[in-house]
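Trainee: Sequence plus predicted model, see below.
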Amino acid sequence: MTTRREFLKISAATGGGLTVGFHIPFANGQQLITPEINAWVLVRADDTVIIRYARSEMGQGSMTSAAQLVAEEVGCDWKKVRVEYADTNAQVRRKRVWGDMAAVGSRTIRNSQEYLRKGGATAREMLVAAAAQGWNVQPSECTVSSGVISGPGGRKTTFGKVAHAAAKLPPPQDVKLKDPKDWTIIGKPIPRLDIPDIVTGRIRYGIDAQLPGMVYAAIAQCPVFGGKVKSVDAAKVQSRRGVLKVLPMGDYVAVVADNWWRAKEALKELPIQWDFGANASVSSDSIKQFLRAGLDAESDVVVAKQAGEVNEALKTGKVLEAEYYTPYLAHVTMEPMGCTAVVKEGRVDVWTSTQNAEASHATAAATAGVPLESVFVHRTQLGGGFGRRGGAQDFVRQGVQIAKAMEGTPVKMLWTREEDMQHDFYRPVSLVRFKAALDADGKPVAWYSRVSAPSIIATLLKLPLKEGIDPQAVASIADQPYQIANVRMEYAQRNPHVPVGFWRTVGHSQNPFMRESFMDELAHAAGKDPYEYRMELLPESARERKILEATAKAANWGTPLPAGVHRGVASTEAYGSYTAAVAELAVNGNVVDIKRIVLGIDSGYVVNPDNVIAQMQGSTVFMLTAMFWGDITIKEGRVEQSNFHDHRMMKLREMPKVEVVMAPTGGFWGGIGEPGQASIAPAVCNALFAATGKRIRSLPLKNDGYDIA
């Protein structure tokens with residue numbers, strides 16, 4: 001039996017981007033009303049094939065893509081495919097039969113594809129074996145097409161007719177997967193399975209949970225991170241209409257009422273005294289000074305990559321130096337944090353929007369003090385995640401704590417937008433120093449960088465850093481692909497009191513901006529075309545070279561542009577995929593008119609082209625919003641921004657034309673949901689430099705007076 005400690009350790013690790021060993025789950029021998037061929041595939045008598053989905057769906061389309069992988073190998077009729085969430089309670093009882101349940105790090109497909117396809121192929125062979133056994137022929141004499149099994153002599157049967165017999169058979173020890181050239185479902189632009197329910201309003205998100213006798217909770221957390229409740233004058237609101245209970249809970253206070261509005265309004269009037277602790281004087285300026293000290297430190301710094309003799313090489317040629325900065329960023333999901341829970345007679349039921357149902361399950365068990373087997377997480381769609389609902393499970397802890405205090409009563413706990421924005425686990429702030437030396441031909445002979453930034457792994461996941469390096473903090477810098485003889489990349493871990501977490505693309509959302517902008521500085525100093533300069537420095541075998549070339553070609557790089565329009569280019573690897581971007585824009589004063597963005601990606605294989613296009617377009621919205629207006633600032637230890645009036649979001653009319661270039665080269669499986677963002681910011685900022693002659697070395701652009709047309 002898996003212990004709670006082991007389950008917590010596994011789910012925390014998987015929520016943070018680590019991997020687990022793969023295995024193929026098989027049926028446990030039970031005779032079910034709907035026969036389970038294996039843990040991934042069930043077949044009804046009417047030939048409907050139910051495919052279980054273990055991860056989370058938050059608009060990224062992976063529920064459909066994962067089902068395509070399984071269905072391809074099963075050989076079923078896609079029109080008869082249905083998808084259901086895998087159950088976390090069964091995950092515990094069946095010893096993690098579905099493996100990793102976390103939908104984080106753009107790894108739903110790239111890390112699951114092999115065992116999903118093997119699960120489908122295993123089910124197919126068991127169905128075929130059952131049909132062959134009934135006909136007294138060899139399975140090798142049978143074929144499968146669209147859920148129909150054909151045998152010698154014109155025999156035919158369907159999956160539904162042999163499902164019960166197949167479920168009783170032992171699974172094959174090894175299965176052969178289809179050659180990509182034979183795929184008929186993988187690679188097709190199949191509409192997402194959840195679209196009809198979204199359009200008609202049948203879809204249910206965590207916030208939609210409704211239970212008989214349910215009450216509601218609103219919470220207020222200490223404004224200063226790390227602070228605690230000192231005292232609460234509950235009597236001031238206890239007599240208000242609908243108020244049921246006031247709960248001081250250590251680092252937050254909850255008001256429970258018969259509807260959420262009454263709970264929220266009572267909370268506004270509740271006198272709360274906070275102990276702000278030692279961080280009440282921290283500001284964005286003091287945090288930046290703390291990071292700058294990391295840039296200048298002579299100790300407590302680790303080397304992430306080294307080749308050659310950088311110090312000696314920096315004494316030769318033309319030396320360039322620059323510092324780049326990116327701020328904290330909030331996730332700002334459409335659906336704020338929330339959790340509905342019931343704690344009754346040793347059982348815990350939870351309804352919540354989560355990117356990691358296992359982590360939610362483990363958190364609920366630990367919070368309620370019950371065995372893992374006594375927890376049931378009821379899966380729902382997510383109203384946005386972007387990493388916020390993965391590694392951090394604070395909202396589940398709070399929901400279950402409040403429900404435990406209201407024993408036997410269903411409680412829906414919802415955050416306000418203000419709580420959501422001011423108590424996030426933010427994308428880390430980062431300050432990076434670059435130095436490079438150019439030879440007489442303008443090529444870099446030395447490249448030095450030092451990253452001063454917090455560590456998500458050390459602070460959120462509380463896991464040890466391998467060789468002292470957080471891979472997210474140095475992503476795209478320590479692994480830059482350019483051929484430079486002398487390189488040294490350093491990391492100074494600096495952790496202010498502001499909580500940090502996984503934000504869509506994380507380090508790849510900020511470091512490519514820095515690296516590719518500085519690369520543009522080198523190209524300009526060398527008097528070279530920025531695209532050609534990169535191509536000269538990339539090895540012939542580099543995948544970055546191929547997608548950069550394909551994207552530049554699609555953007556007609558090098559051809560004349562209309563008067564006043566300028567281009568910028570960038571390329572980077574992220575989450576196993578290779579991306580490039582070309583931005584075309586015009587600047588009128590401080591108003592930026594982005595004409596188009598050409599966004600290229602090589603993900604190796606493509607499961608669903610429509611999903612890729614949608615994710616790349618969504619990445620553009622997300623990154624343009626962040627780079628123009630995204631800025632979480634700290635004053636007196638707390639976040640200054642509170643809602644959309646001071647945290648600007650991109651408007652529909654501001655969206656530029658996005659042309660997606662898919663150039664899959666095969667042979668590997670890359671991510672999709674996050675890589676699209678990686679090259680956008682540097683491409684836009686490099687185009688801004690081409691237009692204005694002013695180099696952008698910090699974000700957001702609003703701080704330089706820029707807005708978008």
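Mentor: Ah, there it is. As the structure is a computational prediction, the values presented were derived from the model and not from experiment.
Trainee: In space, what's closest to V500 - neighbours in sequence excluded?
Mentor: If you skip the residues right next to it in sequence, V500 has P428 as its closest partner in space, 4.4 Å away by CB to CB, 6 or more residues apart in numbering. In short, each C-beta sits where N, CA and C put it, glycine included.
Trainee: check contacts around that neighbour.
Mentor: Contacts of P428 were listed using CB atoms under 8 Å, 6 or more residues apart in numbering, and they are Y328, A453, P454, S455, I456, Q472, A473, V500, G507.
Trainee: how much space between M334 and W260?
Mentor: Counting by CB to CB, to the nearest Å, the separation of M334 from W260 is 17 Å.
Trainee: Check which helices and strands the longest helix along the chain is in contact with.
Mentor: With secondary structure taken from DSSP state H, the chain has its longest helix at helix 113-135. With contacts taken as 3 or more CB pairs under 8 Å, 6 or more residues apart in numbering; DSSP states H and E, helix 113-135 sits against strand 36-38, strand 41-43, helix 62-74, strand 143-145, strand 148-150, helix 159-167.
Trainee: nearest to G604, of those?
Mentor: Of all the helices and strands packed on helix 113-135, it is helix 62-74 that lies closest to G604, at 13.8 Å by CB to CB.
Trainee: Next secondary structure element downstream of the closest one?
Mentor: Following helix 62-74 in sequence order, the next helix or strand is strand 81-85 (DSSP states H and E).
Trainee: Please identify the buried residues of that following strand?
Mentor: V81, V83, Y85 (16 or more other CB atoms under 10 Å).
Trainee: which one among the residues you listed gets closest to Q615?
Mentor: Nearest to Q615 among these: V83, at 18.8 Å, using CB to CB.
Trainee: Quick check: A357 vs D529, distance?
Mentor: Noted for A357: a distance of 49 Å to D529, by CB to CB.
Trainee: coming back round to it: more crowded one of M334 and W260?
Mentor: Using other CB atoms under 10 Å, the more surrounded residue of M334 and W260 is W260, with 19 against 11.
Trainee: Could you look up the SS state of the residue lying closest to that one once chain neighbours are set aside?
Mentor: Excluding the flanking residues, the one nearest W260 by CB to CB, 6+ apart is Y216, at 4.0 Å. Using DSSP: H, G, I helix; E, B strand; the rest coil as the criterion, the local structure at Y216 reads strand.
Trainee: separation between Y216 and T409?
Mentor: Between Y216 and T409 the distance is 11 Å, computed by CB to CB.
Trainee: Same check on A102?
Mentor: Here the criterion is CB to CB. By it, A102 lies 30 Å from T409.
Trainee: same deal with F513?
Mentor: Between F513 and T409 the computed distance is 49 Å (CB to CB).
Trainee: just V587 next, same as before
Mentor: Summarising the geometry, the distance separating V587 from T409, computed by CB to CB, is 58 Å.
Trainee: What of G105?
Mentor: From G105 to T409 the distance is 37 Å (CB to CB).
Trainee: Please identify which of the two sits among more neighbours.
Mentor: When G105 and T409 are compared on other CB under 10 Å, the one with more neighbours turns out to be G105, at 27 against 19.
Trainee: Can you classify that one by secondary structure?
Mentor: When states are read from three-state DSSP, the local structure at G105 comes out as coil.
Trainee: Next up, the contacts around the closest residue to T620 other than its chain neighbours.
Mentor: In space, not counting the residues next to it along the chain, T620 is nearest to V658; the distance is 5.0 Å by CB to CB, 6+ apart. With contacts defined as CB under 8 Å, 6+ apart, V658 is in contact with R596, I597, L599, M616, Q617, T620.
Trainee: Now do the longest helix of the chain against helix 159-167, angle only.
Mentor: For helix 113-135 against helix 159-167, the angle between stretch directions is 100 degrees (axes from the mean of the first three to the mean of the last three CA atoms, to 10 degrees).
Trainee: In helix 113-135, which residues are buried?
Mentor: Going through helix 113-135 with 16+ other CB under 10 Å, the ones that come out buried are 113, 115-132, 135.
Trainee: Stretch 664-681 now?
Mentor: Residues of stretch 664-681 classed as buried by neighbour count (16+ other CB under 10 Å): 664, 669-681.
Trainee: In helices, which of those residues appear?
Mentor: Assigned to helices by DSSP H, the following of the buried residues of stretch 664-681 qualify: I680, A681.
Trainee: and the two most separated of the buried residues of stretch 664-681?
Mentor: Comparing the members of those, the greatest separation, given CB to CB, is between W669 and A681, at 25.5 Å.
Trainee: Okay, now the unreliable bits of the stretch 451-600 of the chain?
Mentor: Scanning the stretch 451-600 of the chain with the threshold set as pLDDT under 70 gives no residue ranges.
Trainee: Sketch out the strands for it, chain order is fine.
Mentor: 486-493, 566-574, 577-588, 591-602 (DSSP state E, counting those that start in this stretch).
Trainee: okay if I get those as TSV plus distance to Q381 and mean neighbour count?
Mentor: Output for the strands of the stretch 451-600 of the chain, formatted as TSV (distance: least, CB to CB, whole Å; neighbours: other CB atoms under 10 Å):
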stretch	distance to Q381	mean neighbour count
strand 486-493	36	22
strand 566-574	26	26
strand 577-588	25	26
strand 591-602	25	23
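Trainee: Please produce CSV containing the ones you listed, extended by distance to A436.
Mentor: Compiled in CSV, those are given as follows (distance: least, CB to CB, whole Å):
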stretch, distance to A436
strand 486-493, 10
strand 566-574, 17
strand 577-588, 21
strand 591-602, 26
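Trainee: so which of the ones you listed comes closest to V612?
Mentor: With CB to CB as the criterion, V612 lies closest to strand 591-602 of these, at 6.9 Å.
Trainee: I'd like to know which elements the closest one is packed against.
Mentor: Helices and strands touching strand 591-602, as assessed by 3+ CB pairs under 8 Å, 6+ apart, comprise helix 543-554, strand 577-588, helix 609-629, strand 657-662, helix 680-692, strand 707-708.
Trainee: List the buried residues in the longest one.
Mentor: Pointing back at helix 609-629 there. 611-629.
Trainee: so where's this structure uncertain?
Mentor: Applying pLDDT under 70 to the predicted model, the residue ranges of the chain that meet it are 1-32.
Trainee: rerun at 80
Mentor: Regions of the chain meeting the criterion pLDDT under 80 cover residues 1-33.
Trainee: For this protein, identify the residue most remote from the centre.
Mentor: Distance from the C-alpha centroid of the chain, by CA atoms, centre = their mean, peaks at G153 (51.5 Å).
Trainee: In a helix, it, correct?
Mentor: Yes - secondary structure assignment places G153 in a helix (three-state DSSP).
Trainee: Was I right to think S65 contacts S106?
Mentor: No - applying CB atoms under 8 Å as the test, S65 and S106 come out as separate, 11.7 Å apart.
Trainee: Apart from its chain neighbours, what residue comes closest to H361?
Mentor: Nearest non-adjacent residue to H361, counting by CB to CB, 6+ apart: T88, 4.2 Å away.
Trainee: Run a quick neighbour tally on T559.
Mentor: The burial count assigned to T559 is 7, neighbours taken as other CB under 10 Å.
Trainee: swap that for V506, sorry
Mentor: Counted with other CB under 10 Å, the neighbours of V506 add up to 27.
Trainee: I figured it hits I457, correct?
Mentor: No - when contacts are counted by CB under 8 Å, V506 is not listed as touching I457 (10.7 Å).
Trainee: Next, show the common contact partners of these two.
Mentor: Residues within reach of V506 and of I457 at once, by CB under 8 Å, 6+ apart, are Q472.
Trainee: quick one: contacts of stretch 159-179?
Mentor: Under the criterion CB under 8 Å, 6+ apart, residues 24, 26-27, 29, 31-32, 35-38, 43-49, 72-73, 76, 117-118, 121-123, 125-127, 129-131, 133-134, 147-149 lie in contact with stretch 159-179.
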